[in-house]
Every structure is written in C-alpha cells, then in structure tokens.
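Q: need the 3D shape of this:
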Amino acid sequence: MVYTQDTRPVRHGEELDVNKLERFLRQKLEIPSGDMQIRQFGAGHSNLTYELSVGEEWKVVLRRPPMGPVAPKAHDMEREFKVLQSLHPVYPLAPQPYLYESGNLIGRPFFLMERRDGLVFDHSFPEGVDATEELGRQLSETMVDRLAELHSLDYRNTSLKDMVKPDGFMERQVHGWMKRYEKARTDDVVSGERLKKWLADHIPTSKDASIIHYDYKLNNAMFSKGDPSKMVGLFDWEMTTVGDPLADVGAAMSYWIQQDDPELLKTGLGKPPLTVREGFYTRDEFIHRYAEKSGRDVEDIDFYVTFAYFKLAGIVQQIYYRYKNGQTEDPRFAGMHVFVNHLIRHAEETAGL
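A: Residues are numbered from 1 along each chain as shown. Here you go, the predicted structure:
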C-alpha cells in the first residue's frame, strides 16, 4: 500500500459503515466534534487502506484485509499491529499504531495508525519537486541507509523476540513459498519446477538475523516536503519478521527496477517506478552501498535476488488466484498471470538456468 497525499472515494464493494465506525471509535479515542469522512488510498494490491478524518484536525489510517477469502496466515492485522507496537519506539519511521479490532465491528479485523504527512515517490515526481538526477541519487542513498539502519537494530530488545523464530528462516521461506505458489497456481501459469529445484539446492547458510521489513520499496516510504531526500515514514509492515537481512535486500531489489530491465519487468505492476530514471542507483550500486553501510558479506546476493523474484511471483499469483476465482473484481488483476510467468522466467535467468 502507498500512503500518498491523494485519496479518492472508496471503491465500489469496498465501503465501510462510517456510522458504525464513528460510534465505536468515539468510545475508544479522543476525536473532535464533526462528521467523520472515509476516503481510500488508491494504490496497492493487497490490504485495503483508508483515511478516516474529522475536518482537518483529526486524521488516521485504517488497514484491513482484502475482500473475499485470503491465503492462510496472510493479511494478519493483529500481527502487523503488534509489529508496529514493537518497532515504533525504536524505529520512528514506523507509524504509531492506535488500536486493533478483531473483526466483530466490520466483519474483518482492522487496526488504526497515525497518518503521516509527506511526499511519496512512485511513478513520477510529486508536483513541485525538482526532478533532478541529484535527487534520484539522494533518494537511493537514503533508501539504502535506512534499510541498513533497520538491520542494525537488536530485535532482542523488542517484543518481536517473542513473535519470531529466526533459526532456519531461509529454509522455511523457500519451501513455504513453493507451497504457496503451488496452492495458488492456475492453469495459465508455469510450474516453475526447474527454478524451485535450483532454489532448494542452493539455500545459503544465514550468518545472522535481524529485523527485516520484507516489502521495502520506494513507494512504501514517505519523504519530507522540506527536504525530499529525508525519509519521514515507512509503511506496509505486514511481512516484517526477524530473519536473514540479505533476504530483505533481495526483496528490495526485486522491486528496484532499473532502466535496462525488460519492459514487462518495468510495467508488470503498472507504470515503471522512478528508479528507472537517470540518477537512481542500479541494483549493483544499491547492493554495494548496503555492503559498505552494513559491513555484511553480500557474496551470495544472487540467490537472494533470485528467490525474491520467485517470492514476488507467488505474491502476485495469490492476488491473481483471487481474481480468477471471482473473489475480487478489481480490473488491475486481470492480466497478472502474464507477469507471474515473466517473473519465473526472469528468476531463472538470474539463477543462470
């Protein structure tokens, strides 16, 4: 999900009962007088995210799972809420969570968190921002540095230590995503058997464990209006856990599209991201700076990037599966099987198959 400054009217079929929500929230929170309004953040392909507001004084963000059946253990609102509770005090880029509701109110669990204000860089530069190569370089540096900063935190000093099992992380990830891909597979996507065998045969030994965001990409970050190179928020903590930090770097690189990438890789999730522009780091430059900032050995990074493409294929396939089975009517999902097949082929190329 992307927290841009722009919201829009709620999509048909994804409405919330504003009167029921307002009555409930006024019992739990201090909210100024006035009518509550609900608008929706329009981007994102997974959880549904809304802005609740009363005038200009009070604004919060509500996160809930998508409509229809969801994959087991996916879209766990309570877990994401607890992750934010753990991280916000030690990593202030994570927004402050306010409350969690288990599902009795709107039929699905949801949580509320603070609404941050700033710039989001997605497919184009925000209005009023000078689109310079220098800014592209600064944004790239900031993205690397804030990721290395997250990985430097000691998870044992947070309540995450009671929520995670870092031992055997990569083995669980590789075999877990193989199962998820197969369970969500439709007859118009490839099996990926050759790639899955390569991944299973090349799992590296993790050298350490850290807090990982695991959905780290430019449009999940927010930057200062006064200094567009300064990050002021980081969102979408649904996949956050403790595990191999290089898996986080690999996942980030699967979203970090560069100018010479195949066209379908650039456009598989919509318009090409800003990272294809001059000035932004290449993946190699990103990885090199991460190695310098973190002090970590990145010798096995090709495995992690290959796995990240496969994992992304699995995520996209789960979305497409819901569309093909009539669980969502969002037209953005109609051709996602094409992107899934391309991701599998691209991962095979990255693996040298």
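Q: and the residue found closest to R322 once you drop the neighbours it is linked to in the chain, how many residues sit next to it?
A: In this structure, R322 finds its nearest non-sequential neighbour in T328, 5.0 Å apart by Cβ to Cβ, 6 or more residues apart in numbering. Any C-beta I mention is one placed from the backbone N, CA and C, and that applies to glycine too. By the measure other Cβ atoms under 10 Å, the count of residues near T328 is 19.
Q: I figured T328 was touching E14, is that so?
A: No - in this structure T328 lies outside contact range of E14 using Cβ atoms under 8 Å: 9.4 Å.
Q: just to be sure, F111 is in a strand?
A: Yes - looking at F111 with DSSP: H, G, I helix; E, B strand; the rest coil, it is inside a strand.
Q: OK, contacts around it?
A: Applying Cβ atoms under 8 Å, 6 or more residues apart in numbering, we find F111 in contact with 62-63, 77-78, 80-81, 84, 97-101.
Q: common neighbours of T328 and E14, please.
A: Counting by Cβ under 8 Å, 6+ apart, the residues touching both T328 and E14 are M67.
Q: which parts of the stretch 51-200 of the chain are strands?
A: 58-64, 97-101, 110-114 (DSSP state E, counting those that start in this stretch).
Q: for those strands, which one sits closest to P228?
A: The minimum distance between P228 and these falls on strand 110-114, with 20.9 Å, by Cβ to Cβ.
Q: the inter-axis angle of the closest one versus strand 97-101?
A: Orientation of strand 110-114 against strand 97-101 (axes from the mean of the first three to the mean of the last three Cα atoms, to 10 degrees) gives an angle of 170 degrees.
Q: list the buried residues of strand 110-114.
A: For strand 110-114, burial by neighbour count (16 or more other Cβ atoms under 10 Å) applies to 110-113.
Q: on that earlier part again, show me just the buried residues among the contacts of F111.
A: Buried members of those, counted by 16+ other Cβ under 10 Å: 62-63, 77, 80-81, 84, 97-98, 100-101.
Q: what's the closest of those residues to F169?
A: Using Cβ to Cβ, the buried ones among the contacts of F111 come closest to F169 at E80, 18.8 Å.
Q: tell me where the stretch 1-150 of the chain has helices.
A: Using DSSP state H, counting those that start in this stretch, the helices of the stretch 1-150 of the chain run over residues 18-28, 77-87, 133-152.
Q: just the CA atoms of the last one, as CSV, please.
A: The C-alpha atoms that make up helix 133-152 are tabulated as CSV, following Å, rounded to 0.1, in the frame of the first residue of the first chain:
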residue,chain,number,x,y,z
GLU,A,133,19.5,13.3,-11.1
GLU,A,134,20.9,14.5,-7.9
LEU,A,135,17.7,13.9,-6.1
GLY,A,136,17.5,10.5,-7.6
ARG,A,137,20.9,9.7,-6.2
GLN,A,138,20.0,11.1,-2.7
LEU,A,139,16.8,9.1,-2.6
SER,A,140,18.7,6.0,-3.5
GLU,A,141,21.3,6.6,-0.7
THR,A,142,18.5,7.3,1.8
MET,A,143,16.8,4.1,0.9
VAL,A,144,20.0,2.1,1.4
ASP,A,145,20.9,3.8,4.6
ARG,A,146,17.5,3.4,6.3
LEU,A,147,17.4,-0.3,5.4
ALA,A,148,20.9,-0.8,6.9
GLU,A,149,19.7,1.2,10.0
LEU,A,150,16.8,-1.1,10.4
HIS,A,151,19.0,-4.2,10.1
SER,A,152,21.3,-2.8,12.8
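Q: which residues touch it?
A: So helix 133-152 is contacted by 91, 93, 121, 125, 129, 210-213, 216, 218, 221, 223, 228-231, 234, 245, 248-249, 252, 274-275, 277-281, 285-286, 289-290, 293-294, 296 (Cβ under 8 Å, 6+ apart).
Q: what's the answer for stretch 273-286, then?
A: Contacts of stretch 273-286 from elsewhere in the structure, counted by Cβ under 8 Å, 6+ apart, are 121-125, 131-137, 139-141, 143-144, 217-219, 252-253, 255-259, 261, 266, 289, 305.
Q: please pick the buried ones from these.
A: Buried by 16+ other Cβ under 10 Å: 121-122, 125, 135-137, 139-141, 143-144, 217-219, 252-253, 255-258, 261, 266, 289, 305, out of those.
Q: domains for the chain, by residue range?
A: Domains of the chain are assigned by automatic domain parsing as 18-114, 133-351.
Q: what is the nearest of the contacts of F111 to E349?
A: Nearest to E349 among the contacts of F111 is E80, at 33.5 Å by Cβ to Cβ.
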